[in-house]
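> Sequence below, structure please.
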Amino acid sequence: MIEFLDVSKLFGDHKALDNATIRIEDGTTIGIVGPNGAGKTTLIRLLCGILNPTSGKIIIDGLDLQKHPTEIKKKIGYLPEEPNLYERPKAGELLEYFGLLYGVPRNKINQRVDELLNLVGLSDRKDWRVSSFSKGMRQRLAISRALIHDPKIIVFDEPTMGLDPLTSRKIREFITTLKKEKTIILCTHYMYEAEQLCDKIAIIDKGKIKAYDTVENLKSSYIKEKTFKIGLKGIKKEILDNISSDENLRIEENGDNYLIIKTKSYENLKNILKEEITYFEDLTPSLEEVFIKLVGKKDD
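Have a look, this model is predicted:
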């Protein structure tokens with residue numbers, strides 16, 4: 001388990017993180033979202049031991065990070081927003097170098113390098129120099145570097161920022177694969193990415209954690225009604241009367257063979273419509289709408 005206990009970080013008079021308390025269970029994927037300058041990167045740099053807190057404690061698996069930094073850092077793999085990779089080595093050589101730094105046994109390092117290059121789709125680039133890699137290939141290699149010592153916790157800071165759609169999708173697929181075995185902290189600007197990949201979301205603004213919960217719980221807390229577009233075999237007066245008589249249902253639009261309905265209880269709606277439904281579409285606002293309600297503006 002990862003615990004932030006009343007953690008604050010000051011840079012001069014600026015409080016980049018303000019009494020943050022958060023608990024992350026083993027094996028969960030957590031999204032960290034917020035506006036630019038909200039404190040997201042500060043939080044993950046504190047977690048990785050790059051920064052020390054001004055006050056409060058960070059506890060990982062029962063150990064205080066400030067008292068046991070070396071032991072805890074071995075448990076963490078970190079992909080920074082702009083990973084710096086040495087240009088001259090070949091991809092395989094780079095991973096071997098970092099693997100040995102992290103204490104991967106020499107008799108296992110080659111197998112580990114091959115496994116990771118295969119995972120990120122760079123097996124055929126093992127003997128290519130890093131200087132020849134595209135941005136997307138560099139990002140995949142950097143992910144391999146973060147995983148080389150088989151860490152329990154993986155921290156991604158904006159892993160798909162500036163990448164083309166195909167490479168971004170591949171990165172998300174890697175993260176989905178890793179979710180089966182690791183605790184993942186994902187810092188991202190993209191709400192749909194956080195919603196797709198994460199078990200829980202922490203929304204940060206001005207150094208404070210405004211909310212921390214599952215996506216569904218955040219939506220139900222801040223968006224009181226769900227919106228559905230429902231296709232029907234035919235819009236009968238009986239159906240309209242039954243919907244109108246239910247205080248939990250409200251027709252927003254009555255179209256040709258479809259209704260758009262707001263409701264707090266989908267079960268009531270389903271019971272009324274029964275076999276009349278021909279298609280169903282959830283129009284309920286996304287995590288981005290929750291973010292805007294809490295922060296008051298869209299992110300850049």
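> and the next element down the chain from the least confident helix or strand in the chain by mean pLDDT?
Across the helices and strands of the chain, mean pLDDT, DSSP states H and E gives its lowest value to helix 266-273, namely a mean of 69. Using DSSP states H and E, the helix or strand that follows helix 266-273 towards the C-terminus is strand 277-282.
> Mind listing the strands that next one pairs with, and their directions?
On the basis of DSSP bridges, the sheet neighbours of strand 277-282 come out as strand 226-232 (antiparallel).
> so the helix or strand that comes right after the partner strand versus strand 226-232, what angle?
Using DSSP H and E, the helix or strand that directly follows strand 226-232 along the chain is helix 237-244. With axes from the mean of the first three to the mean of the last three CA atoms, to 10 degrees applied, the angle from helix 237-244 to strand 226-232 works out at 170 degrees.
> just checking, residue 5 is part of a strand?
Yes: when DSSP: H, G, I helix; E, B strand; the rest coil is applied, residue 5 is found to be in a strand.
> which residue packs closest to it, ignoring adjacent ones?
Of all residues not flanking residue 5 in the chain, residue 57 sits nearest, at 4.6 Å (CB to CB, 6 or more residues apart in numbering). For every residue, glycine as well, the C-beta is placed using N, CA and C.
> Can you list the buried residues in the strand or helix carrying the one you found?
Using DSSP H and E, residue 57 sits within strand 55-60. Applying a neighbour-count criterion of 16 or more other CB atoms under 10 Å, one finds 56, 58-60 buried in strand 55-60.
> Closest one of the residues you listed to residue 29?
residue 60 (16.5 Å; CB to CB).
> Quick check: beta-bridge partners of that closest one?
residue 2, residue 63.
> how far away is it from residue 47?
8 Å (CB to CB, to the nearest Å).
> For the most centrally placed residue in the chain, what is the enclosing helix or strand?
The chain has residue 31 as the residue nearest its centroid, 3.3 Å off, counting by CA atoms, centre = their mean. Residue 31 belongs to strand 29-33 when assigned by DSSP H and E.
> what helices or strands is that strand leaning on?
With contacts defined as 3 or more CB pairs under 8 Å, 6 or more residues apart in numbering; DSSP states H and E, strand 29-33 has these neighbours: helix 40-47, strand 183-187, helix 191-197, strand 200-205.
> Now do it: everything it contacts.
Contact with strand 29-33 is made by 24, 40, 43-44, 175, 179, 183-189, 191, 193-195, 197-204, 287, 291, 299, as judged by CB atoms under 8 Å, 6 or more residues apart in numbering.
> Quick check: neighbours shared by residue 60 and residue 47?
Residues touching both residue 60 and residue 47 by CB under 8 Å, 6+ apart: residue 2.
> what's the domain layout of this structure?
According to automatic domain parsing, the chain comprises the domains 2-216, 224-284.
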